[in-house]
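> I'll drop the sequence and a predicted model, then ask my questions.
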Amino acid sequence: MRCPHCGKRSVISHVTVRWNQVRGLLIPTRGHYCTSCKTAFETVRPAESDFAFGSVRVDAMTDALRRLQENADLVVVRHKTGAREVLF
């Protein structure tokens, strides 16, 4: 992948992490970082017609989520940390 700013191939993917010093919040966002020109840039979002997953973190598995997962409308993933995420 080439950097859109300088055109070099020294791009690291999925490493952009943003820290908001004023609010004291860590806002993780996936993006790219060019080590040549030291700029971070966002990933290009897929077009509406492309296939893409959406995800939402949930606290617990409810009966409604269980029924939707049984019908194959969505997938509930439990991470090693214990966090649950709904993919749709």
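It's in. Residues are numbered from 1 along each chain as shown.

> any idea which helix or strand carries residue 57?
Using DSSP states H and E, residue 57 sits in strand 55-58.

> What is that strand packed up against?
Other helices and strands packing on strand 55-58, by 3 or more Cβ pairs under 8 Å, 6 or more residues apart in numbering; DSSP states H and E, are strand 84-87. C-beta here means a position set from N, CA and C on the backbone, and glycine is covered the same way.

> Would you list the strands that the strand it packs on pairs with, along with their directions?
Here strand 84-87 has these sheet partners by DSSP bridges: strand 55-58 (antiparallel), strand 75-78 (antiparallel).

> mind putting those in a markdown table, mean pLDDT included?
Shown next, in a markdown table, are the strands paired with strand 84-87 (pLDDT from 0 to 100):
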| stretch | mean pLDDT |
| --- | --- |
| strand 55-58 | 86 |
| strand 75-78 | 88 |
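
> looking at these, which is buried most?
Stretch with highest mean neighbour count among the strands paired with strand 84-87: strand 75-78 (a mean of 12; mean count of other Cβ atoms under 10 Å).

> Any chance you could list what contacts that strand?
Here strand 75-78 makes contact (Cβ atoms under 8 Å, 6 or more residues apart in numbering) with 58, 61, 65, 66, 69, 84, 85, 86, 87, 88.
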